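Asker: Have a look; sequence and predicted model below, questions after that.
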Amino acid sequence: MSLPSEPVSTPVSAPSHEQLGACPHDCPDTCALITTVQGGRAVKVRGNPAHRPTDGVLCTKVSRYAERTHHPERLLTPLRRVGAKGQGRFEPIGWDAALHEIAQRLGAIAARDAQAILPYSYAGTMGLVQGESMDRRFFHRLGASLLERTICATAGGEALTHTLGGKLGMRVEFFAESRLILIWGSNSIASNLHFWRLAQQARRQGARLVCIDPRKSETADKCDEHLPLLPGTDAALALALMHELIRHDWLDHDYIERHTLGWPALRERALQWPPERAAAVCGLPVAQIEALARAYGTTQPAAIRLNYGVQRCGGGGNAVRAIASLPALTGAWRHRAGGLLLSSSGHFPVDRAALQRPDLLGARRPRTVNMVTIGDDLLRQASPQFGPRIEALVVYNSNPVAVAPESPKVVQGFAREDLFTVVLEQFHTDTVDYADIVLPATTQLEHWDIHGAYGHTDVLLNRPAIPPVGQARSNAQVFRDLAVRMGFDEPCFADSDEQLCRQAYGRAVPWDELATHGFASLRLPEAPFADGGFPTPSGRCEFFSQRLAARGLDGLPGHVPNHEAVPAQGAAGPYPLAMISPPARHFLNSSFVNVQSLRSIEGQPLLEIHPHDAAPRGIASGALVRVFNGRGSYHCAAQVSERARPGVVNGLGIWWRKLGPRGTNVNELTSQQLTDLGHGPTFYDCRVQVEAAATAGPGG
Ligand SMILES: Nc1nc2c(c(=O)[nH]1)N[C@H]1C(S)=C(S)[C@@H](COP(=O)(O)OP(=O)(O)OC[C@H]3O[C@@H](n4cnc5c(=O)[nH]c(N)nc54)[C@H](O)[C@@H]3O)O[C@H]1N2
Ligand SMILES: Nc1nc2c(c(=O)[nH]1)N[C@H]1C(S)=C(S)[C@@H](COP(=O)(O)OP(=O)(O)OC[C@H]3O[C@@H](n4cnc5c(=O)[nH]c(N)nc54)[C@H](O)[C@@H]3O)O[C@H]1N2
Ligand code: SF4
Ligand SMILES: [Mo]
């Protein structure tokens, strides 16, 4: 299938104007945008030079945003399915007919049990209005099942909460002054570009950059040192670093004494992890671990840019707890350029009760469904434990058929003839193929929104630059329209998108400043924990968490092996290789895969495999390979490369299934098992086998 892209051309004579906005994508950088509009069309999107974190620069993906917005394959009208589920054949219908049918179907199900209706959404837009306002009000009023939005960050989020007290950390700008930066589980050049610019600044002033990542990523290439540990062994490495900090007494005893909880117990545990033991678990040389400990123990200020790549495995929560304990041991938090940043989102004073109105539930307490296990859950029958069978799905801001783990089951669930599926989308994604009704959604250039961030600490306002393309409506508008059809007459269903923007922060953020500049910085201390003050129950950095212990969990961070671990000396059995599936640089999850210019840069779905693993399998670069395990089978091209370490293959994501060689993508192989904390996904905890594939025929 080939999707042409349309050059965005407009007569030069048309008058032009500019509009301020915010990048909506699920990316830590949340850039400030300036859109140039000519003749009602967006012709150019650039970074706002006045916004410091953006610094006038956008990534390659979003510099093509006008191309995405005016893409010839935008969904322009509501659609109703005419073919079988999965075929993606539809006929256009009017908004009235579409809303009427949805209200009738949902109303009939709700009359029996509204919990049989499941909203399914994630961060297609990070905007508070189009992502978590009128939609939540609607489903709360309806009494639908609640969705546990776990697909990305909850293992790390819960780990931070039980260690530091929240998703809090260093102010990103001060990384530029650090002397040592550990880039841990992050391919910053691809997924956190504006942080990388700060790291470069630090390096020009003499800082050392260390990358800790199983894959020799683009970022690893450019760092001073790379530790290619086995996936899911980060806690072992962190404990060995602690071991060395103790042995050499590179500890800040005063900080530990005054601002931490549980050091004697953690100390005892760390002493069980000499570098030799960690080296055997992580598949790293002992000397490399010792050298890293020396650097971390003897350099101030030292900073850790931890990212979510580290927590997509069975022990991901414990790994984050172990790593997040390090800065308190050396007193790195005393400096504004020291400490750690995984996510800054906990700094934002969002008024979620006002936006989402959980009070509309009244006394009802609907069940919660985890979005990671949607494959299993769509196939479940009604039971006392599960509750009613899922009869209707309303999907928006997400492409679950491509991004959720174990797609064979996800596809089987979405293909259920008795399931009523509504999808709000901008494009004809893999998920749209399974919809009964499709509703065309606006893009960020066409609607209002307001944003926090998880990689900096500014609030951004997004104003519409152009009118909706075709008959597209914003998510908030759709749920407002549906509320009317369902007879929900509470005044909150009349709030406009602009009013919702104002409600998101109330008076906590000055609206005038947002309206004038497009952004406003939160007022925060330069070094959040210089003098302790952790918002945990004890007010300390909690090495030991009583809250975790009370749940019967380990109260201390420990090494929890992967569900599907591969030992350093190699694995036996039918699936001997570990597979991780980090994002391809020019896509954003499964967004942008249909933008031709970006897809051309990525080429085709790839599996990176080390020469030592490729040779015995007779696999050469460019060859079609079959990657498989007990869950499924995925075809893609091999790239024989030392970007992969021996024993680990890298299946770069997340392609649209229908654009892959045999209509599958890497999630054909991933599992629905969950993380130790936060009920998160374990995309990077997955054993597979690889073989050269026959180039013709149906393939198994
Ligand atoms: N270009 C681009 N940018 C993105 C995204 C995208 O798809 N494309 N996605 C966005 C989203 S949703 C998110 S959540 C963030 C993700 O941001 P990050 O968490 O920074 O994700 P990645 O950059 O994919 O980094 C993951 C890195 O972790 C490595 N890794 C895998 N397993 C392990 C492990 O067990 N231990 C360690 N130490 N490293 C491991 C991978 O090889 C990869 O290089 O990025 C956002 N930004
Ligand atoms: N194998 C593997 N799988 C992964 C990951 C991985 O690293 N490896 N990463 C995981 C992670 S970190 C994440 S966050 C998830 C991401 O999964 P998703 O949140 O599903 O992200 P996207 O694939 O980008 O899909 C978002 C969809 O929302 C649509 N959209 C954007 N804006 C709007 C809007 O305003 N209205 C409506 N109605 N639609 C809109 C876009 O067109 C797009 O199709 O994927 C996860 N899946
Ligand atoms: S995807 Fe990230 S780097 Fe690219 S423009 Fe958006 S916020 Fe900035
Ligand atoms: Mo994510």
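Answerer: Nice, I can see it. Ligands and ions are numbered 1, 2, ... in the order given.
Asker: Might you report the residue contacts of Glu231?
Answerer: Wrong residue type there; residue 231 is Pro, not Glu. 214, 313, 562, 566, 578, 580, 648, 684-685 (C-beta atoms under 8 Å, 6 or more residues apart in numbering). For glycine as for every other residue, the C-beta is placed from the backbone atoms N, C-alpha and C.
Asker: Go through those residues and name the one nearest Gly131.
Answerer: Within the contacts of Pro231, distances to Gly131 taken as C-beta to C-beta reach their minimum at Tyr684, with 25.3 Å.
Asker: Leaving out the residues flanking it, which one is nearest to Leu379?
Answerer: Of all residues not flanking Leu379 in the chain, Gly413 sits nearest, at 5.2 Å (C-beta to C-beta, 6 or more residues apart in numbering).
Asker: any idea which helix or strand of the chain has the worst average confidence?
Answerer: Of all helical and strand segments in the chain, the minimum by mean pLDDT, DSSP states H and E falls on helix 596-602, at a mean of 86.
Asker: who in this protein is up against ligand 1?
Answerer: Within the chain, the residues that sit near ligand 1 (C-beta under 6 Å from any ligand atom) are 26-27, 152, 184-187, 190-192, 212-215, 217, 231-232, 234, 307-310, 313, 580, 582-583, 585, 587-589, 684.
Asker: Relative to Ala238, how far out is Leu342?
Answerer: Distance, Leu342 to Ala238, by C-beta to C-beta, to the nearest Å: 13 Å.
Asker: Those two: who's more crowded?
Answerer: Remark: of Leu342 and Ala238, Leu342 carries more neighbours, 31 against 28, as counted by other C-beta atoms under 10 Å.
Asker: What residues are bridge-paired with the closest residue to the more buried one other than its chain neighbours?
Answerer: Sequence neighbours aside, Leu306 is the residue nearest to Leu342 in space, at 4.4 Å (criterion: C-beta to C-beta, 6+ apart). Beta bridges link Leu306 to Trp184, judged by DSSP bridges.
Asker: and Leu306, how many neighbours?
Answerer: Using other C-beta under 10 Å, Leu306 has 28 neighbouring residues.
Asker: ditto for the one 10 residues further on
Answerer: Other residues within reach of Gly316, judged by other C-beta under 10 Å, total 34.
Asker: my read: it touches Gly156, true?
Answerer: Yes - the pair Gly316 / Gly156 is scored as a contact, 6.8 Å apart, by C-beta atoms under 8 Å.
Asker: Quick check: neighbours shared by the two?
Answerer: Joint contacts of Gly316 and Gly156 (C-beta under 8 Å, 6+ apart) are 310, 678, 680.
Asker: What separation do you get for Leu393 and Gly452?
Answerer: Using C-beta to C-beta, one gets 28 Å for the distance from Leu393 to Gly452.
Asker: ah, wrong one, I meant Gln300
Answerer: 30 Å.
Asker: And these two? Which one has more around it.
Answerer: Gly452 (24 against 17).
Asker: Can you report phi and psi for that one?
Answerer: phi -90, psi -160 (degrees, to the nearest 10).
Asker: Much appreciated, bye for now.
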